[in-house]
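Chemist: Structure for the following, please:
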Amino acid sequence: AVKVDNSQQPNSRWYSGSGIYRNVWLTVTDKVFVDHWGTYLTTPEVSEQTARINLKTRLRNTTESDAPITVTTIVSDARGREVARSSSENVIAKGSQSEIVQELTVKSPVLWSIDNPYLYKAVSRVQRNGRIVDTYETPFGIRYFAFDREKGFFLNGKRVKINGVCDHHDLGSLGAAVNTRALERQLEMLKAMGVNGIRTSHNPPAPELLELADRMGFIVMDEAFDMWKKEKTKFDYHLDWDEWHKRDLEDMILRDRNHPSIFIWSIGNEISEQWGGNPAAGIIGKELSGIVRSLDKTRPITSACNFVDQKNTLIAKGDLDIVGTNYSHDRIPQFPKLFPGRTFIGTETV
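Modeler: Residues are numbered from 1 along each chain as shown. Below you'll find the model as predicted:
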């Protein structure tokens, strides 16, 4: 049983919702299975001619004996046609987990982009003693991107101006309970306005939002926290920080890292520790950046800073790849002199 008590208020700076307002799944598996969020798919080499796919699959064996297994992965295009296949054998020791790495090649790939959000699917089948004991699907897109300090953001080699919005999780008058069609309608309206980017302000989004972004062609800044150890409201996440921040950040990265729409991770928004030269901002920022990189090195890390100053230790020592700036419009022209060699992105502007 799950009991929800949301009586301690205020615990957020916006409407947080109450109760179980996102979908919950109970997954039944065999005793040998692909772990929860158990695949990690990257595309380290991409061109118009070919794309190299690296797929890591984490498997668990909860039996009392070693388990010889075969993992066969088939990659299909958007029409369901097979375009690549790989098969690997391994023995998973009893009561343990093991990782299998597979390399696949897709010829003449269709690249995922804002205008053409083309999706492939990797289906991994686990066989034990000639019987399929688990099937795990990983939707993905093939694309590459880069940030240039002088020229901006490039997707698949083409410069893209990011027209982004900060998108809170609630659905207005419909409340906080997730509704896929309502999310889709929001994105349809944003697309019609010319929006191509979403910042999940200021918490991990519902997975349905990321699935829609993959399918509809939005790039996403996936954001983890609105506060760290220092509170913004009396009963907010700062009370749970010490016990939960590492697990929560790891879970966000593990859950979301296969989405082609995600192009940057954000470890915080207007964190209170950033002010007045507080060394904690740099120390905690470095810890969080390390957690992210331990699970995904394919995307840069930022944090949305509203103290754009050399005294901000989050900027100076927080291991950010890109400095996020909230407002501070008067500081932007000075940025190259304040932070030589650094790249910035406007995380919240008007």
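
Chemist: what's the neighbour count on the spatially closest residue to Pro300 that is not a sequence neighbour?
Modeler: Nearest residue to Pro300, sequence neighbours excluded (CB to CB, 6 or more residues apart in numbering): Asp321, at 3.6 Å. Using the backbone N, CA and C atoms, a C-beta is placed for each residue, glycine as well. Neighbour count for Asp321, taken as other CB atoms under 10 Å: 17.

Chemist: How about Arg85?
Modeler: 12.

Chemist: Nearest residue to it in space, please, no chain neighbours.
Modeler: Spatial nearest neighbour of Arg85, chain neighbours left out: Ile74 (5.1 Å); criterion: CB to CB, 6+ apart.

Chemist: residues in contact with whatever helix or strand the one you found lives in?
Modeler: Element membership of Ile74, judged by DSSP states H and E, is strand 67-76. Residues outside strand 67-76 that contact it (CB atoms under 8 Å, 6 or more residues apart in numbering) are 32, 53, 55, 57, 59, 61, 82-92, 94, 100, 102, 104, 106, 120-129, 133.

Chemist: re the thing from before, do I have it right that the residue nearest to Pro300 meets Phe344?
Modeler: No. Between Asp321 and Phe344 there is no contact under CB atoms under 8 Å: 10.8 Å.

Chemist: For the residue sitting nearest the centre point of the chain, give me its contacts.
Modeler: By CA atoms, centre = their mean, the chain has its centre lying nearest to Asp256, at 3.9 Å. Shown in contact with Asp256 (CB under 8 Å, 6+ apart): 204, 207, 210, 222, 262.

Chemist: quick one, what contacts the residue nearest to the second one when sequence neighbours are not counted?
Modeler: It stands for Pro207. Once flanking residues are discounted, Pro207 sits nearest to Arg255: 6.8 Å by CB to CB, 6+ apart. Applying CB under 8 Å, 6+ apart, we find Arg255 in contact with 37, 204, 207.

Chemist: when you check these against the helices, which ones overlap?
Modeler: Pro207 (DSSP state H).

Chemist: which residues of this protein score low on pLDDT?
Modeler: The chain contains no residues with pLDDT under 70.

Chemist: before we move on, back to that, for the contacts of strand 67-76, which PyMOL command selects only the ones that are buried?
Modeler: Burial among the contacts of strand 67-76 is assessed by 16 or more other CB atoms under 10 Å; the matching PyMOL selection reads:
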select buried, resi 32+53+55+57+59+61+83+84+86+88+92+100+102+104+106+120+122+124+125+126+127+128+133
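
Chemist: Next one: the residue nearest to Pro207 from Ser12, what distance?
Modeler: For Arg255, the distance to Ser12 (CB to CB, to the nearest Å) stands at 21 Å.

Chemist: cool, Arg299 as well?
Modeler: In this view, Arg299 and Ser12 are 27 Å apart by CB to CB.

Chemist: what does Glu45 give?
Modeler: In terms of CB to CB, Glu45 sits 43 Å off from Ser12.

Chemist: Heading C-terminal from the host helix or strand of the residue nearest to Pro207, find the next helix or strand.
Modeler: According to DSSP H and E, Arg255 maps onto helix 241-256. As assigned by DSSP H and E, the chain's next helix or strand after helix 241-256 is strand 262-269.

Chemist: Could you quantify the relative orientation of that following strand and helix 241-256 as an angle?
Modeler: Computed by axes from the mean of the first three to the mean of the last three CA atoms, to 10 degrees, the angle separating strand 262-269 from helix 241-256 equals 170 degrees.

Chemist: helices or strands up against the very next helix or strand once past strand 262-269?
Modeler: Following strand 262-269 in sequence order, the next helix or strand is helix 279-295 (DSSP H and E). Contacts defined by 3 or more CB pairs under 8 Å, 6 or more residues apart in numbering; DSSP states H and E place helix 279-295 against helix 241-256, strand 262-269, strand 301-305, helix 313-317.
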